[in-house]
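[1] quick one, fold the following:
(one chain, ligands or ions: 1)
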Amino acid sequence: MKAAPAQQIRLLDLQEIDSGLSRLAHRVRTLPELAELSRLDARLTELRDALAANATELSDLDREQRKAESDVDQVRARTERDTRRLDAGQVSSPKELEGLQSEIASLRRRQSELEEIVLEVMERREAAEARGTALRADLAAAESEREAAEDRRSSAVLEIEADRASAADRRTRVAAEVPDDLLALYTKLRDQYDGVGAAALRYGRCEGCKLALSTSELGQIRQAPADEVLRCEDCRRILVRTDESGL
Ligand SMILES: [Zn+2]
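    As a prediction, the model looks like this:
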């Protein structure tokens, strides 16, 4: 393949632009904000799950409290009924009287046990409410932290996108100066060899694979016409001669 030396040099400019574009694409994919966002998303999920569990716990405790309170009411009503019967002097048989008094005593014990349960449920409810309040505060903090990280991510992406757009413009201009067949070969090799299709020969070394060329290879290159498109014997990339080739 033939191409004027100046066109071959342009290929090196194109390679530099393409490597820059790859670095920009890599930066977009590996922005530190992305890791931060995924950490925050996990945290948000965790907090929302905890809040949902907290809401369930609160409604369970509400039900438990209502049940305990209605138990207290029932026992109290029964105690009052028994007390009224006692006070009204309706019970005359001593055995029945004794039975009624002992029932009232046992109902009072039961009532105070049930009242203990109500208090205990109320305490648990207060603790659960406090946990809910703390969870909501944590959630709000994590949400605003996420929003800030998202803002940082999008401004970083915008900045990179602006660099990418200007590099893409430059690429179009430079690519227009490279002959089609050389451009096609370069594109194929770039895909094949890790994003690098063309490399400079610099002080006897291929910049693509960093290997020094042998004396006989350098000898052959010296003999080759200036417009001959050369390839590195080691990495097969297009090897471009420059003023710094050391020939
Ligand atoms: Zn090489």
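[2] how about the residues of the chain near the ion?
    Contact residues (CB under 5 Å from the ion) of the chain with the ion: 206, 208-209, 232, 234-235. Every C-beta, even on glycine, is put in place using the N, C-alpha and C of the backbone.
[3] for the residues you listed, could you give me JSON lines that also reports pLDDT, distance to Leu37 and secondary structure?
    Listed next are those as JSON lines, based on pLDDT from 0 to 100; distance: CB to CB, whole Å; DSSP: H, G, I helix; E, B strand; the rest coil:
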{"residue": "Cys206", "pLDDT": "97", "distance to Leu37": "41", "secondary structure": "strand"}
{"residue": "Gly208", "pLDDT": "96", "distance to Leu37": "37", "secondary structure": "coil"}
{"residue": "Cys209", "pLDDT": "96", "distance to Leu37": "38", "secondary structure": "coil"}
{"residue": "Cys232", "pLDDT": "97", "distance to Leu37": "42", "secondary structure": "coil"}
{"residue": "Asp234", "pLDDT": "95", "distance to Leu37": "43", "secondary structure": "coil"}
{"residue": "Cys235", "pLDDT": "96", "distance to Leu37": "39", "secondary structure": "coil"}
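[4] and the strands in the chain?
    Counting by DSSP state E, the chain has strands at residues 198-202, 205-206, 230-231, 238-241.
[5] got those strands as CSV, with mean neighbour count columns?
    Formatted as CSV, the strands of the chain follow (neighbours: other CB atoms under 10 Å):
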stretch, mean neighbour count
strand 198-202, 23
strand 205-206, 20
strand 230-231, 17
strand 238-241, 24
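[6] between these, which one is closest to Leu14.
    strand 198-202 (7.4 Å; CB to CB).
[7] what comes up buried for stretch 46-66?
    47, 50-51, 54, 57-58, 61, 64-65 (16 or more other CB atoms under 10 Å).
[8] any idea how far the spatially most central residue of the chain lies from Lys188?
    Among the residues of the chain, the one closest to the centroid is Ser38, at 1.1 Å (CA atoms, centre = their mean). Relative to Lys188, Ser38 is positioned 36 Å away (CB to CB, to the nearest Å).
[9] what does Glu123 give?
    Applying CB to CB, the value for Glu123 to Lys188 is 75 Å.
[10] which residues does Lys188 contact?
    Gly197 (CB atoms under 8 Å, 6 or more residues apart in numbering).
[11] burial check on Glu16, number of neighbours?
    Glu16 has 16 neighbours, counted by other CB atoms under 10 Å.
[12] so what's the residue lying closest to Asp82 once chain neighbours are set aside up against?
    Of all residues not flanking Asp82 in the chain, Ile104 sits nearest, at 5.0 Å (CB to CB, 6 or more residues apart in numbering). Residues near Ile104 by CB under 8 Å, 6+ apart: 79, 82-83, 86.
[13] quick check: longest helix in the chain by residues?
    helix 94-175 (DSSP state H).
[14] quick one: average pLDDT of that one?
    Averaged across helix 94-175, pLDDT comes to 97.
[15] need the contact list for Gln15.
    186, 190, 196-199.
[16] which among those gets closest to the ion?
    Nearest to the ion out of the contacts of Gln15 is Ala199 (CB to the ion; 6.0 Å).
[17] that older thread, what's the ChimeraX line that selects buried ones from the residues of the chain next to the ion?
    Restricted to buried positions by 16+ other CB under 10 Å, the ChimeraX selection for the residues of the chain next to the ion reads:
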select :206,208,209,232,234,235
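[18] what's the farthest-apart pair in the residues of the chain next to the ion?
    Gly208 and Asp234 (8.4 Å).
[19] same list, the contacts of Gln15, but as a markdown table with pLDDT and distance to Lys95 please.
    A markdown table is the format used below for those (pLDDT from 0 to 100; distance: CB to CB, whole Å):
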| residue | pLDDT | distance to Lys95 |
| --- | --- | --- |
| Tyr186 | 98 | 113 |
| Arg190 | 98 | 107 |
| Val196 | 98 | 108 |
| Gly197 | 98 | 110 |
| Ala198 | 98 | 114 |
| Ala199 | 98 | 113 |
